[in-house]
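Participant: Predicted model follows, preceded by the sequence.
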Amino acid sequence: MGEESSAFAIEELEGDKRVVRLVGSGQPFRPSTWESQQSLQTTWYPGNPEASQQVLGPQDLPSDFEGMWRRTLLGRTPATVDKVAVVHPMELCSVMDDIRLRGHRLRVTWAAVDGTGADRGKIVREGRLQKFGQSPDRVDDIAWKMHFEWLGRGRNVQRVSVSRDGDYVSAIVKAKSAANALASLNVAMSAISSAAKIPGSATRLTLGQLESLANAPAQLVNAVTREANRIVSDLDRIGKLVNKVRAIPASLAGSALATAHNAIAVANRFQDQLSRTPPEALSARASAADVVRAASLFGRTSDVARGLAGAAHELARRGEQQAPKRTMLGIHVVRRGDTMSSIASKWYGNADLTEKICRSNKLPLGTVTPGRPTLVIPAL
């Protein structure tokens, strides 16, 4: 069996989508560092023996890599750019500096394999190359440095979760029930049996009576029930997922909120359109009995839609209470030369807004330099 080997790849995800692959001595010096942290906001209240702590979410910290490209060693284990071998250090430096200049999103991968070619693990980050430096000893021997700022790991990561309570789950169930009641009206509208019964009503319609309903309002009901069916399907899916977890991912809470707002819009739009139709236009026949019967049916449909709007409003209210509040803009990683004024200028566009940053990070007002590696940047 052979020895373990590794490779360092830099892939552009935009633009020319070039792939630079470094192997052997062309890779960064070992060990390479890939740091991450859980961002926390800790608050101590007077008289409390224990602090309150808010989890703000995971964060991948910037990475610095450095190495040495020598012409003699690259000749043995060449780097590749789009699978084309590159053995001249100046060419590699030119490619990397162009990648830095263009500022495209990158995927950076360090991968290890054993002597049989089996995968031994990999590290993946996505972000941008902020700095690239080169220090030529001579044209064939160039020391280099790279600084990457990361955006994520190239996959969907769940954001901070929100708590699940009985009222929230109950609101989902009620909204689904109301949407289902509206969706079931389509059955009544398409019934052809003299025994067909309008849900929630003692009125029985014969085939002739169903045919007496005006075409346009009937089509309107059919359209809204199709939309209601989609809402039922969405809420059913969300409800099943919610029941499987103790804490609701923010993305799932967002889906429930969007579905609730959609249900409100569907119900209100239908009621508005139906309310513009005079009673006599609801029936295709002029007899008083047919007009009254049609008005009763469409009125019942409007009531059911109103019930959906109410239940959806409650779900939206619960969802907005559950949604995490935006209390911060982000986490600032302190660099050499940073001052509180320069940090405030970067995040707020105003160098005078340092007080809020100082308070959020429990620093004395008037602090000039942070004196710590990271700062929470609060929303204004």
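Facilitator: Arrived safely.
Participant: hey, let's count contacts and neighbours off CA atoms from now on
Facilitator: Noted.
Participant: secondary structure element for the nearest residue to residue 25 once chain neighbours are set aside?
Facilitator: Sequence neighbours aside, residue 73 is the residue nearest to residue 25 in space, at 6.6 Å (criterion: Cα to Cα, 6 or more residues apart in numbering). Assigned by DSSP states H and E, residue 73 falls within helix 71-74.
Participant: tell me what that helix is packed against?
Facilitator: With contacts taken as 3 or more Cα pairs under 8 Å, 6 or more residues apart in numbering; DSSP states H and E, helix 71-74 sits against no other helix or strand.
Participant: CA atoms only: put that helix into CSV for me.
Facilitator: The C-alpha trace of helix 71-74 is given here as CSV (Å, rounded to 0.1, in the frame of the first residue of the first chain):
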residue,chain,number,x,y,z
ARG,A,71,10.2,25.5,-10.4
THR,A,72,12.3,22.4,-9.8
LEU,A,73,9.6,20.8,-7.5
LEU,A,74,6.6,21.9,-9.6
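Participant: Name every strand pairing with the following helix or strand past it and say which way it goes.
Facilitator: The helix or strand immediately downstream of helix 71-74 is strand 79-81, counting by DSSP H and E. Next to strand 79-81 in the sheet, as set by DSSP bridges, lie strand 19-23 (antiparallel), strand 84-86 (antiparallel).
Participant: Okay, buried residues for the shortest one please.
Facilitator: Think strand 84-86. Buried residues in strand 84-86, counted by 16 or more other Cα atoms under 10 Å: residue 86.
Participant: what does that strand contact?
Facilitator: 74, 78-80, 92 (Cα atoms under 8 Å, 6 or more residues apart in numbering).
Participant: can you redo those as CSV with distance to residue 357?
Facilitator: CSV is the format used below for those (distance: Cα to Cα, whole Å):
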residue, distance to residue 357
74, 48
78, 49
79, 45
80, 46
92, 42
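Participant: top of those residues by neighbour count?
Facilitator: residue 79 (28 neighbours; other Cα atoms under 10 Å).
Participant: Could you pull up the residues touching that residue?
Facilitator: 20-23, 26, 85-87.
Participant: Filter those down to the buried ones.
Facilitator: Buried among the contacts of residue 79 by 16+ other Cα under 10 Å: 20-23, 26, 86-87.
Participant: could the residues you listed go into a markdown table alongside distance to residue 68 and pLDDT?
Facilitator: Converted to a markdown table, those look like this (distance: Cα to Cα, whole Å; pLDDT from 0 to 100):
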| residue | distance to residue 68 | pLDDT |
| --- | --- | --- |
| 20 | 16 | 96 |
| 21 | 15 | 95 |
| 22 | 12 | 95 |
| 23 | 12 | 92 |
| 26 | 7 | 94 |
| 86 | 14 | 93 |
| 87 | 13 | 94 |
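Participant: Let's have these in JSON lines, adding distance to residue 360.
Facilitator: What follows is the buried ones among the contacts of residue 79, written out as JSON lines (distance: Cα to Cα, whole Å):
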{"residue": "20", "distance to residue 360": "42"}
{"residue": "21", "distance to residue 360": "43"}
{"residue": "22", "distance to residue 360": "43"}
{"residue": "23", "distance to residue 360": "45"}
{"residue": "26", "distance to residue 360": "44"}
{"residue": "86", "distance to residue 360": "50"}
{"residue": "87", "distance to residue 360": "51"}
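Participant: out of those, which one sits closest to residue 354?
Facilitator: Here the nearest of these to residue 354, counting by Cα to Cα, is residue 20; it sits at 41.8 Å.
Participant: Surely residue 374 and residue 332 touch.
Facilitator: Yes. With contact defined as Cα atoms under 8 Å, residue 374 reaches residue 332; the gap is 5.5 Å.
Participant: what's the spacing between the residue nearest to residue 25 and residue 134?
Facilitator: Between residue 73 and residue 134 the distance is 18 Å, computed by Cα to Cα, to the nearest Å.
Participant: Have a look at those two and say which one is more surrounded.
Facilitator: residue 134 (19 against 15).
Participant: hang on, residue 376 in a helix?
Facilitator: No. Counting by DSSP: H, G, I helix; E, B strand; the rest coil, residue 376 is located in no helix; its state is strand.
Participant: dump the residue contacts of it.
Facilitator: With Cα under 8 Å, 6+ apart, residue 376 has these contacts: 41, 328, 330-332, 357, 360-361.
Participant: swap in residue 150?
Facilitator: 60-63, 125-128.
Participant: partners of it in the sheet?
Facilitator: Going by DSSP bridges, residue 150 forms beta bridges with residue 127.
Participant: Now do the same for it: its pLDDT.
Facilitator: Each residue has a pLDDT score; the one for residue 150 is 93.
Participant: quick one on the thing from earlier: quick one: average pLDDT of the helix holding residue 73?
Facilitator: The model assigns helix 71-74 a mean pLDDT of 94.
Participant: how about TSV for the contacts of residue 376, with secondary structure and pLDDT added?
Facilitator: Shown next, in TSV, are the contacts of residue 376 (DSSP: H, G, I helix; E, B strand; the rest coil; pLDDT from 0 to 100):
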residue	secondary structure	pLDDT
41	strand	78
328	strand	68
330	strand	73
331	strand	78
332	strand	82
357	helix	89
360	helix	85
361	coil	86
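Participant: Drop anything exposed from the residues you listed.
Facilitator: 357, 360-361.
Participant: Pick the one among these closest to residue 256.
Facilitator: Using Cα to Cα, the buried ones among the contacts of residue 376 come closest to residue 256 at residue 360, 31.8 Å.
Participant: List the contacts of that closest one.
Facilitator: Contacts of residue 360 (Cα under 8 Å, 6+ apart): 376-378.
Participant: where does it sit relative to residue 376, distance-wise?
Facilitator: Residue 360 is 7 Å from residue 376, by Cα to Cα.
Participant: I appreciate the help and will end here.
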